[in-house]
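Asker: Provide a 3D model corresponding to the input given below.
(one chain, ligands or ions: 1)
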Amino acid sequence: MIRFAKNSLAVVAVAVALSACSSSTATPETLPATVDLEVRAVSGLRFDKSAYDATAGDIEIGYVNEDTITHTLVVIEGDTKVGTLELQVNKRGDTDFGSINLPAGNYVLLCTVPGHQNMKADLTIK
Ligand SMILES: [Cu+2]
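Answerer: Purely as a prediction, here's the structure:
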């Protein structure tokens, strides 16, 4: 009887641990620690900064939505999209992340949602 009670407690403890774990991974605005560059979409069809910089090479970009509508993020050089990276966040608290390899140069971060063509920022890679 005592043994049974102990097992029940253990099951409850595991269930609590699992639910704590799953809720922490779903916590809004949490990006992996490996992210090199964090970009936030904010209200007013803009990013949180007008200019970002990062170091040349493989760059992991994290994207956080502080706005309430869908935004994307691509890297362009001139008028040409660089690589295949396309991040998308659909609602407040959404996050997305991905890697892109960029040599030193001047790039632009752009949201490709129709009507958001002014949602851009400079990206300087050193
Ligand atoms: Cu946008």
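Asker: residues in contact with the most centrally placed residue in the chain?
Answerer: Against the mean C-alpha coordinate of the chain, by C-alpha atoms, centre = their mean, the closest residue is Tyr63 at 2.7 Å. Applying C-beta atoms under 8 Å, 6 or more residues apart in numbering to Tyr63 gives the contacts 39-41, 71, 73, 87-89, 95-97. All C-beta spots, glycine's among them, are computed from the backbone N, C-alpha and C.
Asker: starting at the chain centroid, how far to the helix or strand encompassing it?
Answerer: Using DSSP states H and E, Tyr63 sits in strand 57-65. Put simply, strand 57-65 sits 6 Å off its chain's centre (C-alpha atoms, centre = their mean, to the nearest Å).
Asker: who in the protein is up against the ion?
Answerer: Within the chain, the positions lying close to the ion (C-beta under 5 Å from the ion) are 71, 111, 113, 116, 119.
Asker: how many other residues sit next to Pro103?
Answerer: Look at Pro103: counted by other C-beta atoms under 10 Å, it has 10 neighbours.
Asker: for Asn118, same thing?
Answerer: Count around Asn118 with other C-beta under 10 Å applied: 10.
Asker: can you pull the pLDDT of it?
Answerer: Asn118 carries a pLDDT value of 95.
Asker: for His71, same thing?
Answerer: In this prediction, His71 carries a pLDDT score of 98.
Asker: now do Val11
Answerer: Listed pLDDT for Val11 reads 47.
Asker: isn't Arg46 right up against Gln117?
Answerer: No: contact criterion C-beta atoms under 8 Å: Arg46 and Gln117 do not qualify, at 11.8 Å.
Asker: Of these two, give the one with the bigger neighbour count.
Answerer: Just comparing Arg46 and Gln117: by other C-beta under 10 Å the higher neighbour count belongs to Arg46, 18 against 11.
Asker: related to what we said a few turns ago, strands paired with the strand holding Tyr63, and their directions?
Answerer: If you go by DSSP bridges, strand 57-65 pairs up with strand 37-42 (parallel), strand 95-102 (antiparallel).
Asker: re earlier: what's across from the residue nearest to the centre of the chain in the sheet?
Answerer: Tyr63 has these beta-bridge partners by DSSP bridges: Val39, Asp96.
Asker: what's the first-to-last distance across stretch 98-115?
Answerer: 24 Å (C-alpha to C-alpha, to the nearest Å).
Asker: Thanks a lot, see you next time.
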